[in-house]
Each structure stands twice: as structure tokens, then as C-alpha cells.
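Asker: with the input below, show me the fold.
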Amino acid sequence: MGNTVFRVVHAGPFITVQDQGRTHLMRYGIPQSGPMDRKSFAIANAALGNDMNTPALEISMGGLTLECVEGSVTLAIVGGGFMVQLGDEKYGSWQCVTIQQGQRLAIKPGPWGCWTYLAFAGHLQAENWFGSLATHSQSGFGGRKLVSGDEIIIQSDEIREDRVGAIPCPVWARARHEVRVVLGPQDRFFDEACLHALLHERFQLTDAYDRMGVRLRGPRLVPKEALSIPSEAILRGSIQVSGDGTATVLLADHQTTGGYPKIATIMTDDTDGFTQLRPHDGIRFKPILSNEAVTLTRRRAASVMNYLTALERRLNL
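Answerer: Below is the predicted model:
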């Protein structure tokens with residue numbers, strides 16, 4: 001074991017260090033942050049046999065190119081349908097490879113997906129903020145944003161040849177053009193026409209998209225009257241509506257409180273697939289009851305855990 005050092009040749013926007021995020025601090029106004037696609041992040045670490053909270057790089061459609069200037073390490077690229085080039089070899093994402101000193105690794109958007117994760121068989125060095133290396137993109141606190149010319153150090157690097165190869169991409173890890181929602185908590189402020197539009201018409205993601213949230217284009221969901229709602233806690237997946245009727249889905253770096261009405265909330269299990277949609281992709285919302293959401297989320301969590309356990313142990317998936 002030693003150190004592997006990378007030079008960042010190119011880094012697009014929103015390339016950040018993420019771990020699972022900082023928990024139990026939203027009451028103090030500190031967002032959880034963490035990966036946009038939590039399942040893909042977990043799979044990347046499981047594929048290497050890492051601890052589930054091992055920090056990784058989250059890569060946007062802007063892409064990332066690294067040059068290995070010292071050492072060698074096995075790494076995993078998981079999430080979306082990104083294209084990967086290591087030296088002269090080309091792969092899709094969902095792959096474990098070993099990079100050697102002098103080689104370049106380029107990760108670019110492919111046919112689908114908005115985010116992918118680069119995990120290392122070693123420990124990515126970054127700044128700890130309130131017990132986590134997750135980067136809050138608006139403030140820059142936490143791990144860090146990557147820019148061209150940066151240096152990345154992987155301590156305690158390992159070559160794990162038994163891990164090298166393709167990683168199976170389960171159906172539940174793909175982008176979702178229909179997501180399930182629970183109405184509320186402020187659906188009472190919208191008339192039947194707005195609720196019908198939300199649940200029966202098509203929306204589209206816009207270019208107003210970052211780690212905090214994405215604005216939607218579609219039917220206007222104007223509240224019935226001017227509202228003055230006291231600020232309250234906000235969850236990832238909340239569909240927040242501004243005064244002009246524009247809906248915004250809140251994501252990993254969402255604010256901790258807000259006073260705009262939330263017409264519905266995307267079920268936790270569907271938020272990862274939602275984040276893999278690209279700007280201009282279409283989306284539809286399917287209503288479910290809260291108790292159904294709990295049951296389905298628990299069922300999916302058990303399925304994901306079985307997959308991760310098998311992947312960690314290199315069992316036949």
C-alpha cells in the first residue's frame with residue numbers, strides 16, 4: 001500500500017467529493033448533501049469491497065479526465081450510461097478497472113444518465129466538515145469541488161484484480177420517467193385542476209438543474225391564493241411550487257427549511273432514478289398512499305441490500 005496521485009486534466013461543473021452525507025444536522029441548518037444517486041454510489045463502493053461510506057467522486061455530464069502521475073489503484077465507475085476510456089481501452093460505466101502510473105482516465109456522458117461515481121480501492125483525501133467529506137455545492141464546504149489542475153491523492157491504495165471487470169446494472173438503477181409521489185403536505189392549497197395536471201400530464205426537466213434541485217416545465221400549478229406559510233423542514237424529493245406555479249424538485253443539496261407550498265413528495269426509492277434524468281427528459285408522477293410508499297421503500301431497500309451483499313462477496317448475481 002502507498003499513495004496514488006492524480007492530476008485533474010479536465011473537470012466539468014459539479015464534480016465533487018461525496019460520501020453518504022452528514023446526518024442529524026438539518027435541525028441546525030446544515031444540509032445532508034451526499035450523492036445525487038445514492039444507489040449508484042453504494043454500488044461503486046460495494047464493487048470494490050469498500051466500506052459503504054468511503055468517499056468517491058461524483059461526476060456530472062461535464063465529464064472528468066484524470067492523469068495518474070504516481071502509483072496505481074483499482075477503481076470503479078458506476079452510474080448512468082457514461083463512456084470510459086482508460087489509455088487505449090474503451091468501456092461503458094459499470095466497470096472496475098486498474099489504472100497505472102502514466103495512464104489517463106476519461107469519463108464522458110454516454111447514451112443515458114446524468115451522474116456517475118468514481119470510487120477507489122483506497123481512501124480519497126478531502127476536507128472533513130462536521131463529520132463528513134460530502135461537498136455542499138452552494139457553499140463549497142466539505143470535501144471539495146474539482147477544477148482543472150487539481151491534485152487528487154488516494155492513500156492506502158490497493159490493486160484488487162479479483163474485482164476487475166463488468167458490474168451488472170440492475171433495472172432499479174436506471175433512469176425513471178415515471179416516479180411515485182405522495183401528495184402533500186400542502187396539496188390542500190391547490191385546486192382539483194392543479195392536482196389533476198400534476199398526476200396526469202407530462203412535465204419536462206429544464207436546464208435549471210443543479211445539486212440543489214431542478215425546475216420543471218409543464219402545467220402551471222398556481223396555488224389557490226396568496227400564501228404565507230411558515231418555514232418548515234424540507235425533504236429530498238419535495239415538489240415545491242413557487243407563486244407563479246412553477247414546480248421544482250428538491251435534491252441532495254436542498255435547503256433545510258422553506259415556506260413555498262409542497263404539492264407532493266417523490267418516494268425515496270424513486271429519487272435516485274429521477275436524478276439520472278437529463279434536462280429536457282420527460283417525467284410523469286404517479287400517486288400512491290403514504291403507507292404504500294413505506295411498504296415499497298422497505299421492499300426495495302431489502303432488494304438493494306441483497307444485491308450489494310452479493311456484489312461485495314463477488315457472488316453470482
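Asker: all strands for the stretch 201-317 of the chain, in order.
Answerer: Remark: strands assigned in the stretch 201-317 of the chain by DSSP state E, counting those that start in this stretch are 203-209, 213-217, 232-233, 238-241, 247-250, 257-258, 262-266, 282-287.
Asker: possible to save the ones you listed as TSV with mean pLDDT and mean neighbour count?
Answerer: Yep, even glycine has a C-beta here, placed from its N, CA and C like the rest. Listed next are the strands of the stretch 201-317 of the chain as TSV, based on pLDDT from 0 to 100; neighbours: other C-beta atoms under 10 Å:
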stretch	mean pLDDT	mean neighbour count
strand 203-209	98	16
strand 213-217	98	19
strand 232-233	88	11
strand 238-241	97	24
strand 247-250	98	24
strand 257-258	88	14
strand 262-266	97	25
strand 282-287	98	16
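Asker: just give the nearest non-adjacent residue to residue 213, would you?
Answerer: Nearest non-adjacent residue to residue 213, counting by C-beta to C-beta, 6 or more residues apart in numbering: residue 250, 4.5 Å away.
Asker: residue 142 versus that neighbour, what's the distance?
Answerer: Counting by C-beta to C-beta, to the nearest Å, the separation of residue 250 from residue 142 is 19 Å.
Asker: likewise for residue 51?
Answerer: Going from residue 51 to residue 142 by C-beta to C-beta gives 18 Å.
Asker: higher neighbour count, these two?
Answerer: Between residue 51 and residue 142, residue 142 has the larger neighbour count (other C-beta atoms under 10 Å), namely 27 against 11.
Asker: list the contacts for that one?
Answerer: 17, 22, 33, 126-129, 132-136 (C-beta atoms under 8 Å, 6 or more residues apart in numbering).
Asker: ok, residue 266 next?
Answerer: Contact partners of residue 266, counting by C-beta under 8 Å, 6+ apart, are 179-181, 237-239, 249, 274, 285.
Asker: can you list the weak-confidence ranges in this structure?
Answerer: Applying pLDDT under 70 to the chain flags residues 226-228, 315-317.
Asker: picking up where we left off before, distance to residue 81 added to the strands of the stretch 201-317 of the chain, as a markdown table?
Answerer: A markdown table is the format used below for the strands of the stretch 201-317 of the chain (distance: least, C-beta to C-beta, whole Å):
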| stretch | distance to residue 81 |
| --- | --- |
| strand 203-209 | 17 |
| strand 213-217 | 19 |
| strand 232-233 | 35 |
| strand 238-241 | 26 |
| strand 247-250 | 22 |
| strand 257-258 | 33 |
| strand 262-266 | 22 |
| strand 282-287 | 18 |
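Asker: nearest to residue 87, out of these?
Answerer: Nearest of these to residue 87, taken as C-beta to C-beta: strand 203-209 at 32.5 Å.
Asker: any idea how far the closest one is from the middle of the chain?
Answerer: 16 Å (C-alpha atoms, centre = their mean, to the nearest Å).
Asker: before we move on, what about stretch 6-23?
Answerer: Worked out by C-alpha atoms, centre = their mean, stretch 6-23 lies 12 Å from the chain centre.
Asker: and the contacts of residue 266, which is closest to residue 103?
Answerer: For the contacts of residue 266, the nearest to residue 103 is residue 274 (34.5 Å; C-beta to C-beta).
Asker: just give the closest residue to the closest one, not the sequence neighbours.
Answerer: residue 179 (5.3 Å).
Asker: gap between residue 139 and residue 9?
Answerer: To residue 9, residue 139 is 26 Å away according to C-beta to C-beta.
Asker: what's the answer for residue 294, then?
Answerer: For residue 294, the distance to residue 9 - C-beta to C-beta - is 46 Å.
Asker: repeat for residue 148
Answerer: On the measure of C-beta to C-beta, residue 148 and residue 9 end up 7 Å apart.
Asker: kindly report the same for residue 234.
Answerer: From residue 234 across to residue 9, the span is 37 Å (C-beta to C-beta).
Asker: how about the spatially most central residue of the chain, what does it touch?
Answerer: A centroid search over the chain (C-alpha atoms, centre = their mean) returns residue 36, at 1.7 Å, as the residue closest to the centre. Contact analysis of residue 36 by C-beta under 8 Å, 6+ apart lists 58, 114-115, 211, 251-252, 272, 275.
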